[in-house]
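K.L.:
Structure for this input, please:
(chains A and B)
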Amino acid sequence: MNVVVVESPAKAKTINKYLGSGYKVLASFGHVRDLPAKDGSVLPDQDFEMSWEVDSASAKRMKDIADAVKSSDGLFLATDPDREGEAISWHVLDLLKKKRVLGDKPVKRVVFNAITKKAVLDAMANPRDIDVPLVDAYLARRALDYLVGFNLSPVLWRKLPGARSAGRVQSVALRLVCDRESEIERFVSEEYWNISALLKTPRGDEFEARLVSADGKRLQNRAIKTGDDANRLKALLEGATYVVDSVEAKPVKRNPSPPFTTSTLQQAASSRMGFGASRTMQVAQKLYEGIDIGGETVGLITYMRTDGVQMAPEAIDAARKAIGEQFGDRYVPEKARFYSTKAKNAQEAHEAIRPTDFNRTPDQVKRYLDADQLRLYELIWKRGIASQMASAEIERTTVEILASNGGEKAGLRAVGSVIRFDGFIAAYTDQKEDGEQSDDGDDEGRLPPINERDNLAKQKINASQHFTEPPPRYSEASLIKKMEELGIGRPSTYAATLKTLSDREYIVIDKRKLVPHSRGRLVTAFLESFFTA
DNA sequence: CAGTGAGCGAGCTTCCGCTTGACTT
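P.N.:
Reported below is the predicted structural model:
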């Protein structure tokens, strides 16, 4: 019998099923030891010597593992294929050596890139040794976090009454929130005008066109600054004749987004359902651990703390099959789609978050789930299946219109788009979070039939006054997105970091927006002025 | 003589990242 150590108990169960009775798969439940939370856990003057402590819960796990190893033929360390996973294997091995239960039994390190039978069996057949540089990277990361946090926090206690903590991640996150607040306070709103004309085609259809040039000059966005300018242009248009200069129809393709990671799931659940980051994670955890479906407990989704966007080949095949069955063959693209991550620091130890079985539609599992679970599962199922569906085909029509009034000329433009084939949109479309600008003015509808040199009748000229708006405050979701871009924090800590900031009363969440408290701004100002690199 | 209060000193807080239950409220 061989012992296999993984991190999560839910995974242990599945993997044991794949490996059979010749193996005993045990979970470490994450890290098994850590630096004691007191002075002197890292000694910079003694070559950064670190002392480790096993807490009581971990001691129990380690005893179980040691007992199993004692009566085994060998040990497979199968913790996650990332920096922290490598470290957990290293810690477990070190503790087992200290317990003297290994003897000369073979010890192997294996990594599973997906929890499928094939991936697990392949991995078991191709073991390696512990990756020492990766463990060193962990040791440096751990020492640094300790040294920063446990030196900086006490300075705050002494100098800023009420301030309680600082750290590599939380202080940067806090600064992002504070910097945004300052930006909003400094923001000076500017006036601008938009001008458009409601026009009628010879066939009697009305549509709206936007003023884009005047006197032979292109009007940039927000180029019309004053009401006087707007009135002058409006007067020009009021007395003008209109003729269609060109009509151009262009096919455009739109591709689906990759399946969810922790960060994108938190963003989507926030903008669509108003879930906070912790609520999303709690519900996802339940779906991952398993739901009782007619007497059988099944995990409905893959692991929910991940920065990977890739799916197991078996899952891609299953998705393509399900797309064919549920949407039709036209919706299955010729080739499977492969995604790669853009996030800094991504370790891609796990697959993207996807349904474990694409055949289990939200409708089928509806009656076994509570409201939150159903909504989140539906979101994950749709985004997952959409990620392997055909592109949407859109025809975008651009109509350029010439307005002439005596010797004065102006140009107007109308843009419309028609979905020729909906493709992945049949399952899922992205939604902007409130406050975000749509990037390409994609909200236009369809245009009536229009031909070149058509004369158009002016119905009405609209001039509307606007003011530029300050950037929006961060939401939980948009801050997490920013942190991921910057490589601050990890999927397992995004929600926890936000909770720390509000527990310390550095920030407060008001209508789902993050507003810094005076205490938070003080801490940020203090750190900025005294601890700048 | 007993109760009050000024003044002093000791002890506490804290990081990030990986996992779930075992606890309260």
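K.L.:
How about the helix or strand containing A:Lys17 and DNA strand B, any contact?
P.N.:
Following DSSP states H and E, one finds A:Lys17 within helix A:9-19. Yes - Helix A:9-19 is in contact with DNA strand B by CB under 7 Å from any atom of the strand, via A:9-11. C-betas here are computed from N, CA, C, even on glycine.
K.L.:
I'd like the distance between the nearest residue to A:Glu238 once chain neighbours are set aside and DNA strand B.
P.N.:
In space, and not counting its chain neighbours, A:Glu238 is closest to A:Ile461: 5.5 Å by CB to CB, 6 or more residues apart in numbering. Between A:Ile461 and DNA strand B the distance is 56 Å, computed by CB to the nearest atom of the strand, to the nearest Å.
K.L.:
give me the beta-bridge partners of A:Ile461?
P.N.:
Legend: beta-bridge partners of A:Ile461 under DSSP bridges are A:Ala197.
K.L.:
Number of residues surrounding whichever residue of the stretch 151-300 of chain A sits closest to DNA strand B?
P.N.:
Scanning the stretch 151-300 of chain A for the residue nearest DNA strand B gives A:Gly167, at 1.8 Å (criterion: CB to the nearest atom of the strand). For A:Gly167, the neighbour count with other CB atoms under 10 Å is 18.
K.L.:
helix/strand/coil for it?
P.N.:
Look at A:Gly167: counting by DSSP: H, G, I helix; E, B strand; the rest coil, its state is coil.
K.L.:
That one contacts A:Tyr146, correct?
P.N.:
No - using CB atoms under 8 Å as the test, A:Gly167 is too far from A:Tyr146 to be in contact (9.6 Å).
K.L.:
Could you report the neighbour count for A:Ala114?
P.N.:
By the criterion of other CB under 10 Å, A:Ala114 has 20 neighbours.
K.L.:
so it sits right up against A:Ile316, yeah?
P.N.:
No - at 10.8 Å, A:Ala114 and A:Ile316 do not qualify as touching, with contact defined as CB under 8 Å.
K.L.:
how far is the helix holding A:Lys17 from where the chain is centred?
P.N.:
A distance of 28 Å separates the C-alpha centroid of helix A:9-19 from that of its chain, computed with CA atoms, centre = their mean, to the nearest Å.
K.L.:
Next one, pLDDT for the residue lying closest to A:Tyr506 once chain neighbours are set aside please.
P.N.:
Closest residue in space to A:Tyr506, ignoring its immediate chain neighbours: A:Gly520 at 3.3 Å, by CB to CB, 6+ apart. pLDDT, A:Gly520: 96.
K.L.:
Shouldn't A:Gly520 be within a helix?
P.N.:
Yes - A:Gly520: assigned to a helix according to three-state DSSP.
K.L.:
ok, now how distant is it from A:Gln347?
P.N.:
A:Gly520 sits 30 Å away from A:Gln347, going by CB to CB, to the nearest Å.
K.L.:
likewise A:Leu456?
P.N.:
58 Å.
K.L.:
about what we covered before: what about burial for the residues of helix A:9-19 next to DNA strand B, which qualify?
P.N.:
Among the residues of helix A:9-19 next to DNA strand B, the ones that count as buried by 16 or more other CB atoms under 10 Å are A:10-11.
K.L.:
export the residues of helix A:9-19 next to DNA strand B to TSV and tack on pLDDT?
P.N.:
As requested, the residues of helix A:9-19 next to DNA strand B are exported to TSV (pLDDT from 0 to 100):
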residue	pLDDT
A:Pro9	94
A:Ala10	90
A:Lys11	89
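K.L.:
pretty sure A:Ala269 contacts A:Tyr377?
P.N.:
No - between A:Ala269 and A:Tyr377 there is no contact under CB under 8 Å: 11.3 Å.
K.L.:
how far away is the residue in the stretch 251-400 of chain A positioned nearest to DNA strand B from A:Ala57?
P.N.:
Residue of the stretch 251-400 of chain A nearest DNA strand B, by CB to the nearest atom of the strand: A:Arg305 (4.4 Å). Distance, A:Arg305 to A:Ala57, by CB to CB: 19 Å.
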